[in-house]
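>>> here is my input, please return the structure:
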Amino acid sequence: MNIDGSGVYDIDTGNGMFDHLLTHLSKHGLIDLTVKAKGDTEIGWHHLVEDTGLIIGKALKECVGDGAGINRMGYAYAPLDEALARTVVDFSGRGYSVLELMLGDIDMGDLPADLVRHFLESFAREAGCNLNIEVLSGLNNHHKAEAAFKSMAKAIKYAVSIDERQAGKIPSTKGTISD
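Alright, predicted model coming up:
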């Protein structure tokens with residue numbers, strides 16, 4: 001993972017829809033990302049999706065490091081046809097998520113809808129970020145999930161970007177953004 005990248009990705013989890021969502025995280029967040037994941041998918045996608053969220057979150061936390069100079073917080077909206085999503089993220093060092101995804105129980109191809117939430121929860125916990133995503137409108141689960149990932153990518157891109165006025169400074173009144 002390179003958070004100062006250009007959005008180059010090489011993703012293969014064996015799940016087409018999950019790969020599709022992760023490519024949006026990379027492309028729209030300008031995060032160079034390589035993911036090669038294999039697991040016990042014969043019993044379902046739960047473990048692979050969860051473990052991927054944990055590992056990507058941990059990698060992002062390592063890239064952010066002590067957070068010196070970053071904006072720390074970011075927000076973004078992203079549409080896809082009838083769907084609109086908003087993400088607000090804070091790299092506070094405390095992993096927490098509030099997710100209003102409006103996905104219901106309709107799967108997206110080979111990806112069960114509930115695993116989108118599970119990925120995001122696992123990701124936020126390990127990334128040490130407060131992740132708030134709300135799908136504001138939409139009818140199609142694919143569109144809602146994709147808009148959520150695009151808005152998350154854009155919010156993360158801003159939050160981890162360097163603010164030249166904060167060069168070398170930790171963006172916290174406590175002097176740390178660690179947990």
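>>> just the buried positions in stretch 158-178, please.
Residues of stretch 158-178 classed as buried: 158-160, 170-171, 177 (neighbour count, 16 or more other C-beta atoms under 10 Å). C-beta coordinates here come from the backbone N, C-alpha and C atoms, glycine included.
>>> which residue is nearest the middle of the protein?
residue 152 (5.4 Å; C-alpha atoms, centre = their mean).
>>> now do the contacts for it.
Contacts for residue 152 (C-beta atoms under 8 Å, 6 or more residues apart in numbering) come out as 25, 29, 76, 87, 89, 120, 131, 133.
>>> in what helix or strand does it lie?
Assessed by DSSP states H and E, residue 152 sits inside helix 141-159.
>>> what's the mean pLDDT across that helix?
Across helix 141-159, the average pLDDT comes to 98.
>>> likewise for stretch 98-108?
On average, stretch 98-108 scores 95.
>>> alpha carbons of stretch 113-128, as CSV, please.
Extracted C-alpha coordinates of stretch 113-128, given in CSV (Å, rounded to 0.1, in the frame of the first residue of the first chain):
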residue,chain,number,x,y,z
ALA,A,113,-24.7,-7.4,1.3
ASP,A,114,-24.0,-7.8,5.0
LEU,A,115,-20.3,-8.3,4.3
VAL,A,116,-19.9,-4.8,3.0
ARG,A,117,-20.7,-3.6,6.5
HIS,A,118,-18.5,-6.2,8.0
PHE,A,119,-15.5,-5.2,5.8
LEU,A,120,-16.0,-1.5,6.7
GLU,A,121,-16.2,-2.2,10.5
SER,A,122,-13.1,-4.4,10.4
PHE,A,123,-11.2,-1.9,8.3
ALA,A,124,-12.1,1.1,10.6
ARG,A,125,-11.2,-0.9,13.7
GLU,A,126,-7.7,-1.7,12.4
ALA,A,127,-7.1,1.6,10.7
GLY,A,128,-7.7,3.4,14.0
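>>> where in this structure is pLDDT low?
The chain contains residues with pLDDT under 70 at 179.
>>> now with 80, please.
Scanning the chain for pLDDT under 80 picks out 173, 178-179.
>>> please enumerate the helices of it.
With helices called from DSSP state H, the chain shows them at 16-29, 46-64, 114-127, 141-159.
>>> tell me which of those sits most buried.
With neighbours taken as mean count of other C-beta atoms under 10 Å, those reach their highest mean count in helix 141-159, at a mean of 25.
>>> hey, C-alpha coordinates of that helix in CSV?
Taking C-alpha atoms only, helix 141-159 is exported to CSV below (Å, rounded to 0.1, in the frame of the first residue of the first chain):
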residue,chain,number,x,y,z
ASN,A,141,-27.4,-2.2,-3.9
HIS,A,142,-24.4,-2.3,-6.3
HIS,A,143,-24.8,1.5,-6.8
LYS,A,144,-25.2,2.2,-3.1
ALA,A,145,-22.1,0.1,-2.1
GLU,A,146,-20.0,1.6,-4.9
ALA,A,147,-21.0,5.2,-4.0
ALA,A,148,-20.1,4.4,-0.4
PHE,A,149,-16.6,3.1,-1.3
LYS,A,150,-16.0,6.1,-3.7
SER,A,151,-16.9,8.6,-1.0
MET,A,152,-14.8,6.8,1.5
ALA,A,153,-11.8,6.8,-0.8
LYS,A,154,-12.1,10.5,-1.4
ALA,A,155,-12.5,11.3,2.3
ILE,A,156,-9.5,9.2,3.2
LYS,A,157,-7.4,10.8,0.4
TYR,A,158,-8.0,14.2,2.0
ALA,A,159,-7.6,13.1,5.6
